[in-house]
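Q: Take this sequence and fold it.
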Amino acid sequence: QVQLVESGGGLVQAGDSLRLSCAASGRSFSTYAMGWFRQAPGKEREFVGTISWSGGGTYYADSVKGRFTISRDNAKNTVSLQMNSLKPEDTAVYYCAASGAGQRMSALILGNVGSWGQGTQVTVSS
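A: Modelled structure (predicted):
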């Protein structure tokens, strides 16, 4: 498994942009599909998006499609979430997630997460 640490959360206004980063430690980072989930107060944790081993494939929840972009740098063991046109409803704790070793994006889409980060708060004011 990998250990994950997020950074980059904060307070922004509606329409602003924010970039979250996730640093991974452990072996064979490039064999893990990576993704992001979020949890708003009083709601269940929900899938945001995922990226394939190579970074060539991505998949997003409808609520963020066209606004959020996930990227990864396998040489640096990092994955990022670029969030544009933020809305108050994007307010949540954002979690970086890794699949099990060798699993594909579908694992994260189905909620089968191998490792979680500790989460970082994103607050969007109206």
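Q: which residues does Met34 contact?
A: Contacts of Met34 were listed using CB atoms under 8 Å, 6 or more residues apart in numbering, and they are 22, 24, 50-51, 70, 72, 79, 96-99, 108. Glycine gets a C-beta too; all of them are placed from N, C-alpha and C.
Q: for the closest residue to it other than its chain neighbours, what are its contacts?
A: Leaving out its chain neighbours, the residue that sits closest to Met34 by CB to CB, 6 or more residues apart in numbering is Val79, at 4.3 Å. Val79 makes contact with 21-22, 24, 34, 51, 70-73, 96 under the criterion CB under 8 Å, 6+ apart.
Q: any idea how far Gly100 is from Val79?
A: According to CB to CB, to the nearest Å, Val79 and Gly100 sit 16 Å apart.
Q: Please tell me I have it right and Gly119 contacts Arg45.
A: No: if you go by CB atoms under 8 Å, Gly119 and Arg45 don't touch, sitting 9.6 Å apart.
Q: Next, show the common contact partners of these two.
A: Among the neighbours of Gly119, those also in contact with Arg45 (CB under 8 Å, 6+ apart) are 39, 95.
Q: okay but Arg72 is in contact with Gln82, surely?
A: No: using CB under 8 Å, Arg72 is not in contact with Gln82; the gap is 11.9 Å.
Q: neighbour-wise, which of those two wins?
A: Comparing Arg72 with Gln82 by other CB atoms under 10 Å, the one with more neighbours is Arg72, at 23 against 14.
Q: That one - that's part of a strand, no?
A: Yes: assessed with DSSP: H, G, I helix; E, B strand; the rest coil, Arg72 lies in a strand.
Q: which residues touch it?
A: 34, 51, 55, 78-80.
Q: and if you look at Lys43?
A: When contacts are taken as CB under 8 Å, 6+ apart, Lys43 is in contact with Ala92.
Q: mind checking how far it is from Phe37?
A: Separation of Lys43 from Phe37 (CB to CB): 12 Å.
Q: Next one: Leu81 from Arg72, what distance?
A: 10 Å.
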